[in-house]
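Sequence first, predicted model second:
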Amino acid sequence: MEKPTPVVEMELYIVRHGQSCTNIKGGYGIPEEELTRDQWINPPLTDLGKHQAEQLGEYYKDVKFDAVYASPLRRATMTAYTAVIHNRCSEKYVYTMPWLIECGIAEDYSAVTFDELNEEFDGRILAPEGIDVSGNLVNGDGDNDDAHRVRAKNVLSYLRERYKNGEKIMVVAHGAFNTDLFLHAIGAEDTRLFDPAFSNTSVTKIIFYKEGTGPYGFDIELCYSNSTAHIANEKHAV
């Protein structure tokens, strides 16, 4: 029986944010116990983190991303923004997606609004179609693992419904949430057999094929996971 011609619906690049001030001890130059709540939950990137994001954009310069989505938390938005500025993307914009916030954030945490985020990033933040970005962009769900998985499912469903013509999509979020998103993408959301241990600005590439057309009978292809080749200056297939 002749194999069908593979039809790519979407190439998904899942990225963890660059190194942030709370990823390193004393990142702010003050004791951890003296950090404000906002400094702890919503830190900016360190100088190294910014450099990692620049390297990310430059390394993937030959991948013309059709859209870049990011968590509205500062470290993720800064990573996405810096990456697209250093990339050959024709559109130097980032879609902010509240569903992408990190796991474990308390429900009463008040972060930024869409207008505030846009002002901070030179008017380059867009509102995704069909997603409410009014009010506070960070609506935490605490330590509710089921709620985190629902968000991951919503993100993947949203993307797969909109991108079916081979589009290349970058999603920049956080270590714990990216774990849920990754496991859901590969169909392992109910098993949780391992921790991908995503590094800062690591990239995980997954290809989704039209049903029944994937190579070797699989419609989801994990090309690579947790790659930091852009930092190590190593050659890596993109």
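That came through fine.

helix/strand/coil for the spatially most central residue of the chain?
Taking C-alpha atoms, centre = their mean, the centroid of the chain lies closest to Val172, which sits 2.0 Å from it. Under DSSP: H, G, I helix; E, B strand; the rest coil, Val172 falls in the strand class.

Surely it touches Leu73?
No: judged on C-beta atoms under 8 Å, Val172 makes no contact with Leu73 at a distance of 10.0 Å. Backbone N, C-alpha and C define where each C-beta goes, glycine included.

so what's in contact with these two at the same time?
Shared contacts of Val172 and Leu73, defined by C-beta atoms under 8 Å, 6 or more residues apart in numbering, comprise His17.

what's the model's confidence in stretch 95-110, averaged?
The pLDDT scores in stretch 95-110 average 94.

Regarding it, how distant is the last residue from the first?
In stretch 95-110, first residue to last residue: 20 Å (C-alpha to C-alpha, to the nearest Å).

Tell me how far that stretch lies from the chain's centre.
The chain centroid and the centroid of stretch 95-110 are separated by 13 Å under C-alpha atoms, centre = their mean, to the nearest Å.

Ok, stretch 54-64 next?
That offset, for stretch 54-64, works out to 15 Å (C-alpha atoms, centre = their mean).

Straight-line length of stretch 91-108, end to end?
34 Å.

In it, which residues are buried?
By neighbour count with 16 or more other C-beta atoms under 10 Å, stretch 91-108 contains the buried residues Val94, Tyr95, Thr96, Met97, Pro98, Trp99, Leu100, Ile101, Glu102, Cys103, Gly104, Ile105.

Which strands and helices lie in contact with the helix or strand of the chain with the lowest mean pLDDT?
Lowest by mean pLDDT, DSSP states H and E among the helices and strands of the chain is helix 229-232, with a mean of 87. Under the contact criterion of 3 or more C-beta pairs under 8 Å, 6 or more residues apart in numbering; DSSP states H and E, helix 229-232 touches helix 47-59.

what's the average pLDDT for the helix it packs on?
pLDDT averaged over helix 47-59 gives 95.

Leaving out the residues flanking it, which one is nearest to Tyr13?
Met170 (4.6 Å; C-beta to C-beta, 6 or more residues apart in numbering).

Then Ala173?
Counting by C-beta to C-beta, 6+ apart, the residue nearest Ala173 is Leu100, at 4.2 Å.

Can you tell me the SS state at Asp108?
Secondary structure, three-state DSSP: Asp108 is coil.

if I look at the nearest residue to it once chain neighbours are set aside, how far off is Tyr163?
Counting by C-beta to C-beta, 6+ apart, Asp108 lies nearest to Gly140, which is 7.8 Å off, once chain neighbours are set aside. Gly140 sits 28 Å away from Tyr163, going by C-beta to C-beta, to the nearest Å.
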